[in-house]
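>>> what follows is a predicted protein model with its sequence.
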Amino acid sequence: MILVLFACVDQGFTEVALDAIAVVQGDFDDVQAALTRNDVGSLDYNGYIDQATWWPDEDDRPQRGDPGRSVEQLLTDVDEDLDWQIENYNAVFFNSGTRGLNAYRYNLSVEADDSLLVDEDAVPNVCNFVKGGGSLYVGDWSYDLIESCWPDAIEFYGDDGAVDAAQVGRAGDVQADVPDERLRDDLQASVANLVFNYSAFAVIESVGSDVEVLLTGDVQYQPEGATLYEEIDDAPLAVRFVAGNGQVFFTSFHLVAQTPAVTDAILFRGLEGLESGAGSQSAEVESD
C-alpha cells in the first residue's frame, strides 16, 4: 500500500510516501500472519489482554507486559520523543482481544479493561487518523472502537452505550453469502464457509446506507440472562465504509480461524489499496 500525499512545509511542498503499517496484537486473532504470508511489512504493538490464544506453543505465548512497543504508546502519545504514534502510519490493524477496549478483563471479570475507551486522547486519535486518510481494520472484540468513533455506521446488537453489549454470538460454522461482487470474483464463489472459533463474538444487526456489506450469514446469539439461543438471519459479518478521507473495515469473525485463501480474499477486498509487498517504513522525499 503506497499513498502519496503532498504537504506544505515551510512554504514549500514535500512529497510524503506513506506505506507504514501497524498491527496491534490481541488475544484472539493474528492478522499479522496474513500480512506476513502476503509479504506485507508491518510493525507490531503489544495489545494483549492476557496472552495470545492462537500461539501454537502454550509455554511460549506472547503476553501482556512483554517488552517493546505497546498499544498505549500507539494511541495516547505517552512519550512524544518516540515515533510510535498512530499519526506516523498509513494503515493500522486492531486484532480481536486488544486490551483497553473492553468492559472487563475476560479472565478477571472484576477488573476493568476500558482504559483506552476512557482515555481523553486514544479514541479521538483513532477518529482523526481515519478522517485524515488512514486505513483502519478492527476485529470482533475491538468493535467498541468503531462504536465510539462512528456510532451511526454499524448497528451492533444491544445497548450502544454499553461496552461489550454486542458480544453475544455463538461459536460455530456459518455458510456466508457473498453479496459483494468483487469479493465473489476474488473467492470465485457466491458462498464462503466461515468459522467462528469463539463464542461471544460481536453481532451486527444492520448497517447504514453508506456501508458496504461484504459477507452475510445466519448467526445464533444468546441475549444477556437468557438460557436459549436466538437467531438473526442474514446478519452482516464483514463490512467496510469510508470515513472522512480514510476507510474502516470490520469483521465479526477472526481471520486466523479461516483458510488462507478466504482470509486473503476478504482482507484485500476489505482494505482498498492494500497490496502484497507493501513496506513497513515511512519516508519523506523532497519533491523536485
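In hand now; what should we look at? Numbers count the residues shown, from 1 in each chain.

>>> so Glu272, which of the three states?
At Glu272, secondary structure determined by DSSP: H, G, I helix; E, B strand; the rest coil is coil.

>>> that one reaches Gln247, doesn't it?
Yes: checked against C-beta atoms under 8 Å, the pair Glu272 and Gln247 is within contact range at 6.0 Å. In this view, the C-beta of every residue, glycine as well, is placed from N, C-alpha and C.

>>> residues contacting the residue lying closest to Ala166 once chain neighbours are set aside?
The shortest distance from Ala166 to any non-neighbouring residue, by C-beta to C-beta, 6 or more residues apart in numbering, is to Phe156 (3.8 Å). Contact partners of Phe156, counting by C-beta atoms under 8 Å, 6 or more residues apart in numbering, are 143, 147, 165-166, 202-205.

>>> Gln51 versus Asp57, what's the distance?
Per C-beta to C-beta, to the nearest Å, Asp57 is found 11 Å from Gln51.

>>> same check on Phe94?
Per C-beta to C-beta, Phe94 is found 17 Å from Gln51.

>>> those two: who's more crowded?
Of the pair Phe94 and Gln51, Phe94 is the one with more neighbours under other C-beta atoms under 10 Å, namely 31 against 16.

>>> in the sheet, who's paired with the more buried one?
Per DSSP bridges, the residues bridged to Phe94 are Val24, Val138.

>>> cool, Tyr45 as well?
In beta-bridge terms (that is, DSSP bridges), Tyr45 pairs with Val24.

>>> for it, give me its contacts.
Applying C-beta under 8 Å, 6+ apart, the residues contacting Tyr45 are 22-25, 68-71, 73-74, 84.

>>> again, only this time at 6 Å
Contacts for Tyr45 (C-beta atoms under 6 Å, 6 or more residues apart in numbering) come out as 22, 24, 69-71, 74.

>>> please tell me how far it sits from Arg69.
Distance from Tyr45 to Arg69, by C-beta to C-beta: 5 Å.

>>> chain center to the biggest strand by length in the chain: distance?
Identified as the longest strand of the chain according to DSSP state E is strand 230-243. Here strand 230-243 shows a centroid-to-chain-centroid distance of 15 Å under the convention C-alpha atoms, centre = their mean, to the nearest Å.

>>> okay, now the sheet partners of the following helix or strand past that strand, with direction.
Downstream of strand 230-243, the first helix or strand assigned by DSSP states H and E is strand 246-251. Looking at strand 246-251 with DSSP bridges, its partner strands are strand 135-139 (parallel), strand 230-243 (antiparallel).

>>> pull out the buried positions in the longest one.
If you call a residue buried by 16 or more other C-beta atoms under 10 Å, then strand 230-243 has these buried ones: 232, 235-241, 243.

>>> is Ile86 in contact with Cys127, as I believe?
No: the criterion here is C-beta atoms under 6 Å, and Ile86 misses it with Cys127 at 10.5 Å.

>>> can you pull the phi/psi pair for Glu58?
Torsion angles at Glu58 (phi, psi; degrees, to the nearest 10) stand at phi -60, psi -30.

>>> who has more neighbours out of Glu272 and Gln247?
More crowded of Glu272 and Gln247, by other C-beta under 10 Å: Gln247, with 21 against 12.

>>> from Val195, how far out is the more buried one?
According to C-beta to C-beta, Gln247 and Val195 sit 26 Å apart.

>>> returning to what we had before: what's across from the residue nearest to Ala166 in the sheet?
Ile204.

>>> need the per-residue pLDDT for it.
On the pLDDT scale, Phe156 is placed at 98.

>>> now do Glu15
32.

>>> for the one 4 residues further on, same thing?
The model reports Asp19 with a pLDDT of 61.

>>> Ala226 too?
Ala226 is given a pLDDT of 87.

>>> helix/strand/coil for it?
coil.

>>> how near is it to Val191?
Ala226 sits 29 Å away from Val191, going by C-beta to C-beta.

>>> so between those two, which is more surrounded?
Neighbour count, other C-beta under 10 Å: between Ala226 and Val191, Val191 has more, with 13 against 10.

>>> contacts only, for the more buried one.
Val191 makes contact with Gln175 under the criterion C-beta under 6 Å, 6+ apart.

>>> what's the burial count for the nearest residue to Pro62 once chain neighbours are set aside?
Once flanking residues are discounted, Pro62 sits nearest to Ala52: 4.9 Å by C-beta to C-beta, 6+ apart. Burial of Ala52 is recorded as 23 neighbouring residues (other C-beta under 10 Å).
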